[in-house]
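sequence-free structure coming up:
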C-alpha cells in the first residue's frame, strides 16, 4: 500500500495484491499474477475470470502453470505452459497414490506487453473449449 501526501490531504492507494487471483486449477505463478493485476487495472478481470472458469469446467483435475522464460537457443522470450495431469495408482498397501504427467507447451512472446498477450491467449483458450486447438494443446498435450 502506498500513499501520496498533498498539502492538505493524504490519499491512500489501492493494494493490488488483494485482487482476486487464479488458485484453483491455474497455479499462482508470477506472470499469471501480473496478468490478473493487468486485467483488474484495465477493467478486464470479469472476462478473464470467465475464461478461467470455462477452462476449468472441462478438466477439474489438471493443474496448469504458465511462466515467461528466455529460449536457450534464440534468446527470445516465450510463454511456457506446463500442465500437470494426475494419474492415480494403488500402492502395495492399497492406498491411492497420485502421480503427475507433465506436459510443456511453449508459445513465442510476440508483443512487448506480455500481460496483454497472455490475457488474449487465456481468452482464446476458453473460446469453444474443449474443442479448440489451443485448449487441446495446452491442457491435454495434443
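Looks like it came in fine. Just so it is clear, the structure is predicted and the values come from calculations on it, not from any experiment.

Sticking with the most centrally placed residue in the chain, tell me its helix or strand.
Centroid-nearest residue in the chain, with Cα atoms, centre = their mean: residue 32, separated by 4.5 Å. Using DSSP states H and E, residue 32 maps to helix 30-41.

Tell me which other helices or strands that helix touches.
Here helix 30-41 touches helix 45-58, strand 63-70, helix 114-126, going by 3 or more Cβ pairs under 8 Å, 6 or more residues apart in numbering; DSSP states H and E. Heads up, the C-betas are built off the backbone N, CA and C, glycines and all.

Highest mean neighbour count out of these?
The highest mean neighbour count among these, using mean count of other Cβ atoms under 10 Å, belongs to helix 114-126: a mean of 19.

and that one, how far from the chain's centre?
Mean-position distance between helix 114-126 and its chain equals 9 Å (Cα atoms, centre = their mean, to the nearest Å).

residues of the helix holding residue 32 that come out buried?
Buried residues in helix 30-41, counted by 16 or more other Cβ atoms under 10 Å: 31-33, 35-40.

After the helix or strand hosting residue 82, which helix or strand is next?
In the assignment (DSSP H and E), residue 82 maps to strand 77-90. Under the assignment DSSP H and E, the closest C-terminal helix or strand after strand 77-90 is strand 96-108.

Lovely, talk soon.
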